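Undergrad: return a 3D structure for these sequence lines:
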Amino acid sequence: MRVWGALAAVVALALPAPAAAATPRQVKAVSDGLAQAVRDARLASADAARYRAILAHAVSVQRRLPNPRAAHLAAVIGDVSAQAARYDAPRALALFSMLDFNTRHLGSRAAPAPGTDLQDVDGVVYRAWSGRGLQFHPLANAAKLNSLLAAKRMDEAQLLAQALLARAVPVEGGLAWEYYFPFGGGTPPWTSGMAQAVTAQALARAGLLVEASLAFGTIPSSLLMHVEGREFVRLYSFTRLAVLNAQLQTVLSVRDYAELAQDPVAADLSARLEASTAGLLPSFDTGAWSLYAYRGAEANLGYHAYVVSLLKRLALRSPDPLWREAADRFDRYTKEPPAVTPLARAFPALYPEPRDGFRDELRVEVTVSKLGTATLEVAGRRQSTWVTRGRRTIVWRPDGGVPVGVHQPLLRVVDPAGNAAEVALPRVEVRRDTTPPEVLGARLQAGALTWSVRDSETPWVRVQVELRGAQGRRVLDLGPRPQAGWARPRVPRGWWQATLLVADSSGNAASAPLGLAVGR
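TA: This is a model prediction of the structure:
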């Protein structure tokens, strides 16, 4: 998740396309859920009536919108419907305020690009999500609150803080701010330990210490896990994905909260998480870049830079020199080119024309030290692909017109920060096949044809049998075949002089007599 200002974005996973329209079942579920919440005294009847009006307006607007705006709004209605059994005052406020905001925005303009943040009149942040409209986003809201406080825009900060507290759901350990859209295999509502930590920090900075303690309380109660026996924060409540930037941000945010609230429990947790991070840090360090998550893929540039900034902040607040050394090392990775080592000492000759599957492409095996864009150039033709660290095969597929001759391939790898490494590869020869197959043997006996040819420049040969007789000339086409094989051609009735015709994939042809063939 991306947060306001210094915090970086969590890459959104691909989400399924929403339905084109809200279904009657979803509308009924919302209405029934509101009615049940009123009966259970979880919701005031006046609030339920207001939310029914918001739903009715959303359905009316959605039905007349063009796609993709209609699909986005339908997805939000579906998200509100999915929580119908859980409506209470804070959840209903969060959900129906989100629905109302989407209806107003999508009713008059296009959906913004994914990752765009918009705010309502109270300053509540909604983030545009792929295929799902504008979603209430706790981490973005906590980061926004922090930025308002840092800018000393106190009236706006207090307005947002109160709006967030009105949307806080009581859970074991304190208060939680929930996400209401499916993400990464998680079913809503789900929470985030990182979001809770940043929220506790922001509320404490706003002087709301009691509320901040409730925001913090959910972390030790339900949003911690162990990785290699060390404590680690759950970025997402539904998974054990151990994300480095979330851990570092949580250490810093919990420490800020602990100092402002004079909370020894939080101070102890921050210290334990810092010690855990120190022990696990080598598992996130490839020697050339950082990993996004434990035993996961390399971080993109935004996340790597975010980790560097967090390490620098931690180095300023911790006496342990490990953090300054790690910050300097990770920062250095953004200035060093990738290490690229070719593994081949020679390449076989290429036959890019025709495209017959035989040595049409150059395959280069290399090891690279970190992620980046690899561009392979042969005879002035460049082709690029994305690579990650390790042993990789980079393929150059010519699109025709490559001149015959010996060429010097060049491989250039550029990391996300723009650092480039270029290596010259062994020379490669481009050829055209102009040599016909050599017929080693051919026989047509008792209706069975056998043949054997030799041709090192083709993957197959087209086999034909030419028949000449009183009835004229016939050609029996057996199609592409291996260079040695057998078949039973259907010889027409009569007496024929038979000849084997073979042609390679470039059309170079050879023949061999087969003698008399009799068709019965």
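
Undergrad: and Asp100, what pLDDT?
TA: You'll see Asp100 listed with a pLDDT of 98.

Undergrad: do you know how far it is from Gln62?
TA: Distance from Asp100 to Gln62, counting by C-beta to C-beta, to the nearest Å: 13 Å. C-betas here are computed from N, CA, C, even on glycine.

Undergrad: so for the two, which sits in the more crowded spot?
TA: Set Asp100 next to Gln62 and count neighbours by other C-beta atoms under 10 Å: Gln62 wins out with 24 against 19.

Undergrad: check what pLDDT the more buried one gets.
TA: The model's pLDDT for Gln62 equals 95.

Undergrad: so who does it touch?
TA: Ala21, Ala22, Ala70, Leu73, Ala74, Ile77, Thr103 (C-beta atoms under 8 Å, 6 or more residues apart in numbering).

Undergrad: what helix or strand does the last one sit in?
TA: What that stands for is Thr103. Per DSSP states H and E, Thr103 falls inside helix 89-106.

Undergrad: wait, Ala215 sits on Val198?
TA: No - in this structure Ala215 lies outside contact range of Val198 using C-beta atoms under 8 Å: 9.1 Å.

Undergrad: could you list the domains of this protein?
TA: 340-430, 438-519 (automatic domain parsing).

Undergrad: now those as a markdown table including mean pLDDT, distance to Gly115 and mean neighbour count?
TA: Compiled in a markdown table, the domains of the chain are given as follows (pLDDT from 0 to 100; distance: least, C-beta to C-beta, whole Å; neighbours: other C-beta atoms under 10 Å):
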| stretch | mean pLDDT | distance to Gly115 | mean neighbour count |
| --- | --- | --- | --- |
| domain 340-430 | 94 | 18 | 16 |
| domain 438-519 | 96 | 47 | 16 |
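
Undergrad: out of the ones you listed, flag the one nearest Arg50.
TA: domain 340-430 (47.7 Å; C-beta to C-beta).

Undergrad: how far out from the middle of the chain is that closest one?
TA: 25 Å (C-alpha atoms, centre = their mean, to the nearest Å).

Undergrad: tell me how far the ends of it are from each other?
TA: End-to-end distance of domain 340-430: 25 Å, with C-alpha to C-alpha, to the nearest Å as the criterion.

Undergrad: related to what we said a few turns ago, for the contacts of Gln62, which entry has the maximal number of neighbours?
TA: Leu73 leads the contacts of Gln62 on contacts (other C-beta under 10 Å) with 28 neighbours.

Undergrad: which residues touch that one?
TA: Contacts of Leu73 by C-beta under 8 Å, 6+ apart are Ala22, Ala58, Val61, Gln62, Leu65, Asn102, Thr103, Leu106, Gly133.

Undergrad: please identify the helix or strand for the closest residue in space to the fourth one that isn't next to it in sequence.
TA: Right, Gln62. Excluding the flanking residues, the one nearest Gln62 by C-beta to C-beta, 6 or more residues apart in numbering is Leu73, at 4.3 Å. Take DSSP H and E as the rule and Leu73 turns out to sit in helix 69-82.

Undergrad: what is the neighbour count of Val121?
TA: Val121: 8 neighbours (other C-beta under 10 Å).

Undergrad: what kind of secondary structure is it in?
TA: Assigned state for Val121: coil (three-state reduction, DSSP: H, G, I helix; E, B strand; the rest coil).

Undergrad: next up, the contacts around it.
TA: Taking C-beta under 8 Å, 6+ apart, one finds nothing in contact with Val121.

Undergrad: and which of the contacts of Gln62 is nearest Ala53?
TA: Checking the contacts of Gln62 one by one against Ala53 (C-beta to C-beta), the nearest turns out to be Thr103, at 11.0 Å.

Undergrad: tell me who's in contact with the closest residue to the closest one other than its chain neighbours.
TA: Computed as C-beta to C-beta, 6+ apart, the closest residue to Thr103 that is not its neighbour in sequence is Ala58, at 4.4 Å. Residues in contact with Ala58 (C-beta under 8 Å, 6+ apart) are Ala22, Leu73, Val76, Ile77, Leu99, Asp100, Asn102, Thr103.

Undergrad: widest-spaced pair of the residues you listed?
TA: Ala22 and Asp100 (14.7 Å).

Undergrad: quick one on the thing from earlier: just the CA atoms of the helix holding Leu73, as PDB, please.
TA: The C-alpha trace of helix 69-82 is given here as PDB (Å, rounded to 0.1, in the frame of the first residue of the first chain):
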ATOM      1  CA  ARG A  69     -17.700   3.800 -14.700                       C
ATOM      2  CA  ALA A  70     -20.800   1.600 -14.200                       C
ATOM      3  CA  ALA A  71     -18.600  -1.400 -13.500                       C
ATOM      4  CA  HIS A  72     -16.500   0.500 -10.900                       C
ATOM      5  CA  LEU A  73     -19.600   1.600  -9.000                       C
ATOM      6  CA  ALA A  74     -21.200  -1.800  -9.200                       C
ATOM      7  CA  ALA A  75     -18.000  -3.200  -7.600                       C
ATOM      8  CA  VAL A  76     -18.300  -0.800  -4.700                       C
ATOM      9  CA  ILE A  77     -22.000  -1.700  -4.200                       C
ATOM     10  CA  GLY A  78     -20.800  -5.300  -4.200                       C
ATOM     11  CA  ASP A  79     -18.200  -4.500  -1.500                       C
ATOM     12  CA  VAL A  80     -20.800  -2.800   0.600                       C
ATOM     13  CA  SER A  81     -23.200  -5.700   0.100                       C
ATOM     14  CA  ALA A  82     -20.500  -8.200   1.200                       C
END
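
Undergrad: avg pLDDT for that helix?
TA: On average, helix 69-82 scores 96.

Undergrad: so how far is it from its chain's centroid?
TA: 23 Å.

Undergrad: longest helix of this structure?
TA: helix 45-64 (DSSP state H).

Undergrad: tilt between that helix and helix 89-106?
TA: Following axes from the mean of the first three to the mean of the last three C-alpha atoms, to 10 degrees, one obtains 30 degrees for the angle between helix 45-64 and helix 89-106.

Undergrad: buried residues in helix 45-64, which are they?
TA: Using 16 or more other C-beta atoms under 10 Å as the test for burial, helix 45-64 gives Asp47, Ala48, Tyr51, Ile54, Leu55, Ala58, Val59, Val61, Gln62.

Undergrad: before we move on, what SS does the residue nearest to Gln483 when sequence neighbours are not counted have?
TA: Spatial nearest neighbour of Gln483, chain neighbours left out: Val453 (5.0 Å); criterion: C-beta to C-beta, 6+ apart. Here Val453 is recorded as strand under three-state DSSP.

Undergrad: bridge partners for Val453, pull those for me.
TA: Val453 has these beta-bridge partners by DSSP bridges: Val439.

Undergrad: surely it meets Trp460?
TA: No - using C-beta under 8 Å, Val453 is not in contact with Trp460; the gap is 10.3 Å.

Undergrad: spit out the residues that contact the two alike.
TA: Common neighbours of Val453 and Trp460, using C-beta under 8 Å, 6+ apart, are Gln483.

Undergrad: before we move on, the earlier item: got the angle for the longest helix of the chain vs helix 69-82?
TA: Going by the same axes, to 10 degrees, helix 45-64 makes 150 degrees with helix 69-82.

Undergrad: roughly how far does the residue nearest to Gln483 sit from Ser147?
TA: 75 Å.

Undergrad: now Ala21
TA: Ala21 is 38 Å from Ser147, by C-beta to C-beta.

Undergrad: now the strands for the stretch 301-450 of the chain?
TA: Ranges of strands within the stretch 301-450 of the chain are 340-342, 362-368, 372-378, 381-387, 390-396, 405-407, 410-414, 420-424, 428-430, 438-445, 448-454, based on DSSP state E, counting those that start in this stretch.
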